[in-house]
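Participant: Requesting a structural model of the entry that follows:
(2 chains)
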Amino acid sequence: MVPIETVRMRFTGRFAPDSFAAFANRRAERLDLGLALETGNPSLFDVTVSGQPDLIDAFEMACSLGPMDCLVLDCERATLHSGYMENRNR
Amino acid sequence: MTFIQGWHPVALSVSIEPGSSAGTHIGGQELVVWRDNSGVAHVWEDRCPHRGMKLSFGFVRGDHIACLYHGWQYDIAGQCRYVPAHPNLEVPATIKVPVFRTVEAAGMIWTSADADAGSPAAAGTADETVPVRSLYVDCDADELIAALKADLPAPFKGKSTATIAQLGDDLFRVATGDDTLLLGLQRLEDERAALHIVIAGPAASYAGAGQAHFLAWATALRGRLEQPAMTWPAHQAEAV
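Facilitator: So this is what the prediction gives:
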């Protein structure tokens, strides 16, 4: 069994929305995370991300660095769900 | 050039020892060539998916290669299997290094990004080979081949004049006297190429003196290619 979480993150800062959305999607894909982009504008991004907690942390770190044309000043996160699931890699 | 179709040599087999890795290029594409501890050679994209570090700087551990930067370990399929900072993580299948087909033939390591490529032309060309050297030259591949054709080696054994035949896109055979050389052409970048040179024949006949004979020829070939063209300054040319 593998631990999983669903986490809501609010990134605030200065964004090129298309650039940040594409960046977040690529990172989520690489980390095998589920991602829903809920709000995106030049000052704020709300996302919901689900998967292994360590990989969610990695996603937060990657998005906090972000693409070159965005500046993330803060990230607030709230855990919406935590539990376990079967390991799909086995 | 593109690294899509066909087979391309990337190293002499003897150059990549078990448990070691080396970086190289084909057409500007960065590659890591590594050999696991059981002796199987691998050619991959030379980039860790984590932070982009070259895997050729990493360490071979059994049948895994570990990135120098954060120690992420990849199995022979390129799949990440272990992240030291998160030892309990079930690494997802999405964290994977692109791997290329790899074959050893004629004493060289060949790779292809083409899943439909048949066997490399080098397959079956020699039962035994004796390595000479990998010759890295600062010129483009066409210039290197033109120089090779103009400056074929004298024989180590026998007397007949040297001839050259192209066996594949990147494979040449030189017959000189009683000797046969196989040369794999690696197109590194626009102005850089390499020839991986082996003697087709048994070590009993060529190890030592035979290798030294062709090594001297290869080194002289590179010297002539890289030597700046002799030009006279304008005022001296007029005086002459």
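
Participant: Setting aside sequence-adjacent positions, which residue approaches residue 53 most closely?
Facilitator: No chain specified, so I'll use chain A. A:Glu5 (5.0 Å; Cβ to Cβ, 6 or more residues apart in numbering or on different chains). In this view, the C-beta of every residue, glycine as well, is placed from N, C-alpha and C.

Participant: other chain: chain B
Facilitator: Nearest to B:Met53 is B:Tyr69, by Cβ to Cβ, 6+ apart, at 4.0 Å.

Participant: Using the three-state scheme, assign the one you found.
Facilitator: coil (DSSP: H, G, I helix; E, B strand; the rest coil).

Participant: wait, doesn't it sit right on B:Pro49?
Facilitator: No: the criterion here is Cβ atoms under 8 Å, and B:Tyr69 misses it with B:Pro49 at 11.4 Å.

Participant: More neighbours: which of these two?
Facilitator: B:Pro49 (19 against 15; other Cβ atoms under 10 Å in any protein chain shown).

Participant: Quick one: name the residues of chain A near chain B.
Facilitator: Proximity of chain A to chain B, by Cβ under 8 Å from any Cβ of the partner chain, involves residues A:2, A:29-32, A:51-52, A:54-55, A:87-89.

Participant: need the contact list for B:Asp190.
Facilitator: Counting by Cβ atoms under 8 Å, 6 or more residues apart in numbering or on different chains, B:Asp190 makes contact with B:28, B:140.

Participant: how many other residues sit next to whatever residue of chain B ends up closest to chain A?
Facilitator: For chain B and chain A, the shortest gap (Cβ to the nearest Cβ) falls at B:Pro92, measuring 3.2 Å. Counted with other Cβ under 10 Å, the burial measure for B:Pro92 works out to 20 neighbours.

Participant: Without its sequence neighbours, what residue ends up closest to the closest residue to chain B within chain A?
Facilitator: Chain B sits closest to A:Asp32 of chain A, with a gap of 3.2 Å, by Cβ to the nearest Cβ. Take A:Asp32 and drop its neighbours on the chain: the residue closest to it by Cβ to Cβ, 6+ apart is B:Pro92, 3.2 Å away.

Participant: helix/strand/coil for the one you found?
Facilitator: B:Pro92 ends up coil, using three-state DSSP.

Participant: quick one, what contacts it?
Facilitator: A:31-32, A:51-52, A:55, A:89 are the contacts of B:Pro92 under Cβ under 8 Å, 6+ apart.

Participant: Can you tell me which of the residues you listed end up in helices?
Facilitator: A:Leu55 (DSSP state H).

Participant: Next, report how far the top strand by length along chain B is displaced from the centre of its chain.
Facilitator: For chain B, the strand with the greatest residue count under DSSP state E is strand B:179-189. Here strand B:179-189 is found 8 Å from its chain centre; the criterion is Cα atoms, centre = their mean, to the nearest Å.

Participant: Paired strands for it, with orientation please.
Facilitator: strand B:171-176 (antiparallel), strand B:192-200 (antiparallel) (DSSP bridges).
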